[in-house]
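>>> missing the sequence, but the structure's below:
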């Protein structure tokens, strides 16, 4: 377990900040050109004159992986010169290095080597142990590290190898088929042996009897083992024994005489402090059998009471740890258990203990995370910081295990949902988000994983909390929008998040959205629904998303037009004429397009201009009101129709601002359209609220200076007046910042604008003056 999550004095959760040394390594990992260049073959090579000590080299490899960089042969080549670099402790996880890269590392005469999920390493490389294993004190070959086994999971033929590492003190093998000729007697220093999921076949544990220092033996998921128990009993110095099973199916973990078997182990292994019998029936049914060596009465008289008969001899000297996770007859729920710490699923403490001990057993750990999930969903978890640490550690360590990522992400949702956002420090919040994105990216085709991840992300503040991973999140959201079930929940929540992000980011990020294909993806969704004559929230949000990504981003407006966007606009208008929200979003988007001078000629067609002119009158289409709910519906409809009318006028004002020569159609005439536009403006309520967010008034202020066409000025000053009247705190300041007061003053002094325009311009200036007074008083 990482033990990074801390409960702070103020009740918040966070992680310890990076040390200065860690920050230095992070910068180095992100800027390898500082110390290296490239060979002709594309390999990294140290620059001349640079020598890296062992401390730096070991820490560099650790941090390079920690900061999520792919560790491959190209980077490993930095250590090809053993005179200028020195490695002693190498831990590889999810590395793509090959046999060549591994040899580069092992030529350093390593002290410790650990490999997990390094699936490019094959059994063809096992000879490297013979050549370079003499210096090794610790060797760990975890899941998907096939140095001593065939990569094919159903291949049970053992690889003929010997452990030519005479000074090993710690050996971890996972899933290796042990052949009967394998020797251990020469490993006199070996103290820790982990044979998780290994196949013993004809191999006998008697080969371990001659190891004088062996104190830890892990035989997790090694079965059958009943015929090896007598050999285990001969390992008298054992302090830790694990004979647990992850699944009791097919009779695995079931012993004929469980109480006597466990009692036999206790009688022979008197130094035992840690015992794991999870998944087995060795804890019995809670009642001592008549066949037991001591009767139940004598046992209690001699040792004290216990609910696990085979451990009667340990009641006065309890084990430090006892694994009872998913044992038969729910042993972990019994009262008298002779152990200081128990891994099980009876309560929160047992579940968290199990998670801590089983951190490198992904299948079992997935079940533990499921238990945590149910604890958060249906009960209450008190030790939240430990639970959160457990979940993050599990998901980070076992990225490829889909079910673990699903369970972990579901648990994260309830952890995050159950606490105020302010209760998570920035470092921890970033860790949660990064871990979610890693899992979603790895299992992009699984809708459940995407759903869990998206739902958890909705609990954060968008886009502020995710800006540090903005680009990666956008790619994952685009996949959810375009590659998942149409009208499905995953697609709907993905497009909702995408729209939220598009709404509140700057121009650079809007450009990135366009480059990734957001506009074309939205148009594809709209085309699909037009083909099927289906209106849903996805179509509505698709138009809203394009409205957001085209804001002050001309190239995205062009992408919309090039993608047959105007064709889809007309089809939506005709197919769904009564959808006011849809119409509002479409016209907002076209308002952005109309702001781009070099794109406006594409809007100058009779069909488009007639549509825009007709939409000017949206607000005059009244609806009957019969009761309060009807009045609310009426208010909402009128609000939407006002925005449609406003945006239609904005589009026409920008088109008309290009002058009479640019009006290349005969009908409707420019003058007729301008008259209709002014008539629409005069119907609007200056206090109408708006569903829009202006980051700049530059397009509007450019129309204020359009003295050749006063009607365009009329729309522009009305827009400024409306915004400063309804949202003075935000927009009065923006008018000031963009020299709007001076521009409006010049308009008032100019002879061309008619009186109504000047009256509204004075309203804006007066409102901004009041805003300044409020700021001074405040």
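Done, it's in. Computed from a predicted structure; not experimentally measured.
>>> Strands along this protein, start to end?
5-7, 13-15, 36-38, 44-46, 89-93, 112-116, 138-141, 170-173, 192-194, 216-218, 240-242, 274-276, 321-323, 342-343 (DSSP state E).
>>> Please work out which residues outside the first one touch it.
When contacts are taken as C-beta atoms under 8 Å, 6 or more residues apart in numbering, the neighbours of strand 5-7 outside the stretch itself are 13-16, 384-386, 388-389, 392, 428. The way it works is simple: take the backbone N, C-alpha and C, and place the C-beta from them, glycine included.
>>> how distant is it from the center of its chain?
Strand 5-7 sits 20 Å away from the centroid of its parent chain (C-alpha atoms, centre = their mean, to the nearest Å).
>>> Confidence-wise, which helix or strand of this structure is lowest on average?
Ranked by mean pLDDT, DSSP states H and E, the weakest helix or strand in the chain is helix 296-302, scoring a mean of 49.
>>> Can you pull out the low-pLDDT segments for the stretch 401-550 of the chain?
For the stretch 401-550 of the chain, applying pLDDT under 70 flags the ranges 420-422.
>>> Helices of that one, residue ranges please.
Taking DSSP state H, counting those that start in this stretch as the test, the helices found in the stretch 401-550 of the chain are 402-417, 426-442, 447-457, 470-482, 489-503, 507-515, 518-532, 537-549.
>>> one step back: switch the strands of the chain over to a markdown table; also include mean neighbour count.
Formatted as a markdown table, the strands of the chain follow (neighbours: other C-beta atoms under 10 Å):
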| stretch | mean neighbour count |
| --- | --- |
| strand 5-7 | 19 |
| strand 13-15 | 20 |
| strand 36-38 | 14 |
| strand 44-46 | 18 |
| strand 89-93 | 19 |
| strand 112-116 | 22 |
| strand 138-141 | 21 |
| strand 170-173 | 20 |
| strand 192-194 | 20 |
| strand 216-218 | 19 |
| strand 240-242 | 21 |
| strand 274-276 | 23 |
| strand 321-323 | 25 |
| strand 342-343 | 24 |
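>>> Quick check: which of those strands is nearest to residue 644?
strand 13-15 (46.4 Å; C-beta to C-beta).
>>> So which of the strands of the chain is nearest residue 596?
Among the strands of the chain, strand 36-38 comes nearest to residue 596, with 42.2 Å by C-beta to C-beta.
>>> what are the pairing partners of that closest one, and which direction each?
Using DSSP bridges, the strands paired with strand 36-38 are strand 44-46 (antiparallel).
>>> who touches the partner strand?
Outside strand 44-46, the residues touching it (C-beta under 8 Å, 6+ apart) are 32, 35-39, 52, 74-75, 77-78, 80-81, 84-85.
>>> Highest neighbour count among the residues you listed?
Within the contacts of strand 44-46, residue 78 tops the neighbour count with 23 neighbours, counted by other C-beta atoms under 10 Å.
>>> got a list of what the residue lying closest to residue 767 once chain neighbours are set aside touches?
Spatial nearest neighbour of residue 767, chain neighbours left out: residue 724 (4.4 Å); criterion: C-beta to C-beta, 6 or more residues apart in numbering. The neighbourhood of residue 724, defined by C-beta under 8 Å, 6+ apart, consists of 731-732, 735, 764, 767-768, 771.
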